[in-house]
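> Just to be clear, the model below is a prediction. Sequence and coordinates:
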Amino acid sequence: MNALHFGSIVAFASATAALVGCGNPVVDVKVAALGGEVLGVEPSEFHRPGQPCLECHGVYGGASPQMSIAGTIFAAPIDKLPTPVEHVNIVITDAFGNKNGKGPTETPPERKTNCVGNFFFTRDEFDPGFPLEAKIECPTKPGSVDTTGRYMSSRISREGSCGGCHQGARDQGSPGWIYCVEDPTLSPFKPPGTECPGVPR
């Protein structure tokens, strides 16, 4: 699905949801708490990095496309919203051994983050059985084919949005955003430029 087609669908769904809500008061409150769109960034796969995507794009959210797993990968932990990392390969293995929607003995298709660090699987592409194992393969530097793998130490038991648990700085309430590099002083990644559709014009 190209960005223009995705954006048209999301813009229509967002406008409709704003007028009538999704019909689930609990979800409506959570969606309202996310706030409005960033001025200059159209609703698409490039919007709302770090937010829990499935609040809107899940079973009860009503936005299209409906997603099963989605999130954002950042460079390193810092106080403000961290720098996103592009071209991180995501590997999700479900309870049946399926990887990225393919069977246990098949090579999983690549799923990489975009210029704002976002990635997603639609429910049609991959409707996984929980719990899930998650691995990210971060480039060692921008444009590099060499990667460093990082595994999530626990299993994902029910939440398809990375941002549903991984929010902000690490504390007793959150493991923090997902990062490629633990030490910000060692991060080779730079913020995206204005050519990225997720950067306000």
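Great, that's in hand.
> and the closest residue to P77 other than its chain neighbours, how many neighbours?
Of all residues not flanking P77 in the chain, Y179 sits nearest, at 5.7 Å (Cβ to Cβ, 6 or more residues apart in numbering). To be clear about C-beta, it is placed using only N, CA and C from the backbone, and glycine gets the same treatment. Residues near Y179, counting by other Cβ atoms under 10 Å, number 23.
> repeat for G71
28.
> quick one, what contacts it?
Neighbour list for G71: C53, N118, F119, F120, S161, C162, G163, H166, I178 [criterion: Cβ atoms under 8 Å, 6 or more residues apart in numbering].
> If we use 7 Å, what do you get?
Shown in contact with G71 (Cβ atoms under 7 Å, 6 or more residues apart in numbering): C53, F119, S161, C162, G163, I178.
> So which of those are in helices?
Applying DSSP state H to these, no entry is found in helices.
> Can I get these in JSON lines including pLDDT and neighbour count?
Below are the contacts of G71 laid out as JSON lines (pLDDT from 0 to 100; neighbours: other Cβ atoms under 10 Å):
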{"residue": "C53", "pLDDT": "97", "neighbour count": "27"}
{"residue": "F119", "pLDDT": "98", "neighbour count": "22"}
{"residue": "S161", "pLDDT": "97", "neighbour count": "22"}
{"residue": "C162", "pLDDT": "97", "neighbour count": "27"}
{"residue": "G163", "pLDDT": "95", "neighbour count": "23"}
{"residue": "I178", "pLDDT": "96", "neighbour count": "23"}
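> which intervals of this protein have sub-threshold pLDDT?
Applying pLDDT under 70 to the chain flags the ranges 1-23.
> At the geometric centre of it, which residue sits there?
Centre of the chain computed as the mean C-alpha position; nearest residue by Cα atoms, centre = their mean is G71, 1.6 Å away.
> any idea how far the nearest residue to N24 once chain neighbours are set aside is from S154?
Of all residues not flanking N24 in the chain, Y60 sits nearest, at 4.7 Å (Cβ to Cβ, 6+ apart). The gap separating Y60 from S154 is 25 Å, by Cβ to Cβ, to the nearest Å.
> check contacts around the closest residue to F96 other than its chain neighbours.
Among residues not flanking F96 along the chain, G129 sits closest, at 5.2 Å (Cβ to Cβ, 6+ apart). G129 makes contact with D94, A95, F96, according to Cβ under 7 Å, 6+ apart.
> among those, who's most crowded?
Within these, neighbour counts (other Cβ under 10 Å) peak at D94, which reaches 21 neighbours.
> end-to-end on stretch 30-39?
Using Cα to Cα, to the nearest Å, the end-to-end distance of stretch 30-39 comes to 21 Å.
> which residues make contact with that stretch from outside it?
Residues contacting stretch 30-39 (Cβ under 7 Å, 6+ apart): P43, H47, Q51, E55, C56, G61, P200.
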